[in-house]
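*Asks:* need coordinates for the below:
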Amino acid sequence: VIVEKPIKAKSVIWSFIVGNEVVASYEKSGEKGRKPIVLSKDLEEISLKIKELLKTEFCAVSFVEAEKEFIVNNITLSPDFELFKEVTGKNIGGILLSHLAMRVYEKRKGLLEKFVDSVKDTIRWVANEISNIGPFKQKV
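*Replies:* Numbers count the residues shown, from 1 in each chain. The predicted model follows:
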């Protein structure tokens, strides 16, 4: 069931979030068309909280400006990459790929460090066990 309330929007604002940063935003208003903007702190915080709630590395959020407030209108994991690039001049696909590559590197580095730590622990354990082994004495 979808319940909708018609709203006369003054404008629609789209933001694209990657990691912990809003990397691109634009506004679409009737006669003015689309133009890049910098989000207000409030809309930026809401965008980041939505991304956190989704537990994702990226998302796009649209807000509808109605009378004296903004309403979250749409949340997507598949934004129009070309439109963002056309309007903002930012290659959000490239930004996203760079971010994901860095996250993979961080994870891999973390796994490698854990592996090295486990090898070191094993070597310490073996060295300790060897030092505990002394000459065997037979009881006569």
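*Asks:* buried ones in whichever strand or helix holds residue 85?
*Replies:* Residue 85 is located in helix 81-88, with elements delineated by DSSP states H and E. Neighbour counts over helix 81-88 (16 or more other CB atoms under 10 Å) mark 84, 87-88 as buried. (Each C-beta comes from the backbone N, C-alpha and C, glycine too.)
*Asks:* TSV for those residues, including pLDDT and distance to residue 60?
*Replies:* Listed next are the buried residues of helix 81-88 as TSV, based on pLDDT from 0 to 100; distance: CB to CB, whole Å:
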residue	pLDDT	distance to residue 60
84	92	8
87	93	13
88	94	12
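*Asks:* nearest to residue 101, out of those: which one, please.
*Replies:* Distance to residue 101 across these (CB to CB) is lowest for residue 84, with 19.4 Å.
*Asks:* find me the pLDDT at the residue lying closest to that closest one once chain neighbours are set aside, would you?
*Replies:* Once flanking residues are discounted, residue 84 sits nearest to residue 92: 4.8 Å by CB to CB, 6 or more residues apart in numbering. In this model, residue 92 is scored at 89, pLDDT.
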